[in-house]
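Chemist: Predicted model and sequence below, questions to follow.
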Amino acid sequence: MMSVKLDKTIHDRQQFDCGVESLNRYLNRMASQQSQKDNTRTFVLVAEQEPQRIIGYYTLTMTPIDLGALPDKLQKKHLNASSGGLIARLAIDKRYARQGYGEWLLVDALSRLLQASETVAFPVVIVDAKEGAMCFYEKFGFIPFQDSTHKLFLPIADIRASLA
Ligand SMILES: CC(C)(COP(=O)(O)OP(=O)(O)OC[C@H]1O[C@@H](n2cnc3c(N)ncnc32)[C@H](O)[C@@H]1OP(=O)(O)O)[C@@H](O)C(=O)NCCC(=O)NCCS
């Protein structure tokens with residue numbers, strides 16, 4: 001399996017359906033434009049035999065950290081930090097759900113963010129989870145922010161330790 005940067009001349013965005021209309025629409029209409037504008041990057045997981053077919057995708061960018069919503073210990077440690085890496089979207093086509101692709105894509109996204117953080121340091125990765133997906137992220141160690149029902153974070157130090 002491999003993830004590659006979304007290329008609208010190769011990847012068939014129309015056929016992708018994860019069951020959440022806003023996530024389908026983003027891939028279809030926004031992801032490529034937003035990458036061209038250097039606002040976000042979208043990576044797709046493609047089938048080896050059908051490189052145009054999108055099994056899943058994720059979108060990465062940076063986001064401000066609300067330090068006050070982190071646990072006390074992390075607030076003190078990261079007092080001077082302002083940004084975190086953001087997994088803004090992550091979705092698997094319904095036809096491929098519950099076969100391990102979501103986990104694979106999440107690890108791939110975390111690896112890319114960890115690599116990026118070695119050049120431009122940031123202390124946490126944040127996800128904005130759609131309803132029903134909180135448990136998916138909690139399974140992989142993400143911790144809900146104290147003040148938010150949908151946002152979770154994972155310290156980059158923990159990601160480094162578990163991917164080492
Ligand atoms: C959430 C989503 C990414 C999971 O992808 P997936 O390929 O079905 O998940 P996987 O097969 O890799 O599952 C990995 C583990 O997470 C669990 N899991 C999968 N979806 C879950 C969910 N919604 N809630 C809780 N756990 C979930 C699986 O049971 C599995 O656990 P196990 O190894 O103990 O059996 C996918 O269902 C999806 O795209 N949903 C719609 C879009 C969405 O809500 N995206 C979320 C972020 S915005």
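Modeler: Perfect, I can see it now. Keep in mind that this is a model prediction, so the values were computed, not measured. Residues are numbered from 1 along each chain as shown.

Chemist: Now name the helix or strand holding the residue nearest to the spatial centre of the chain.
Modeler: The centre of the chain sits closest to Ile87, judged by C-alpha atoms, centre = their mean, with a distance of 2.7 Å. Using DSSP states H and E, Ile87 sits in strand 83-92.

Chemist: looking just at contacts, which helices and strands does the next helix or strand after that strand meet?
Modeler: Going down the chain from strand 83-92, the next helix or strand is helix 101-117, by DSSP H and E. Helix 101-117 sits against strand 41-46, strand 54-64, strand 83-92, helix 156-163, with contacts defined as 3 or more C-beta pairs under 8 Å, 6 or more residues apart in numbering; DSSP states H and E. In this view, the C-beta of every residue, glycine as well, is placed from N, C-alpha and C.

Chemist: residues in contact with the residue in the chain that the ligand sits nearest to?
Modeler: Here the chain gets closest to the ligand at one residue, Gly102, 2.2 Å apart by C-beta to the nearest ligand atom. Applying C-beta atoms under 8 Å, 6 or more residues apart in numbering to Gly102 gives the contacts Gly56, Leu90, Ile92, Phe136.

Chemist: which of the residues you listed lies closest to Met62?
Modeler: For the contacts of Gly102, the minimum distance to Met62 (C-beta to C-beta) is 16.2 Å, reached by Leu90.

Chemist: List the contacts of the nearest residue to the closest one once chain neighbours are set aside.
Modeler: Counting by C-beta to C-beta, 6 or more residues apart in numbering, Leu90 lies nearest to Tyr58, which is 4.2 Å off, once chain neighbours are set aside. Counting by C-beta under 8 Å, 6+ apart, Tyr58 touches Ser3, Thr42, Phe43, Ile87, Arg89, Leu90, Ala91, Leu105, Leu106, Asp108, Ala109.
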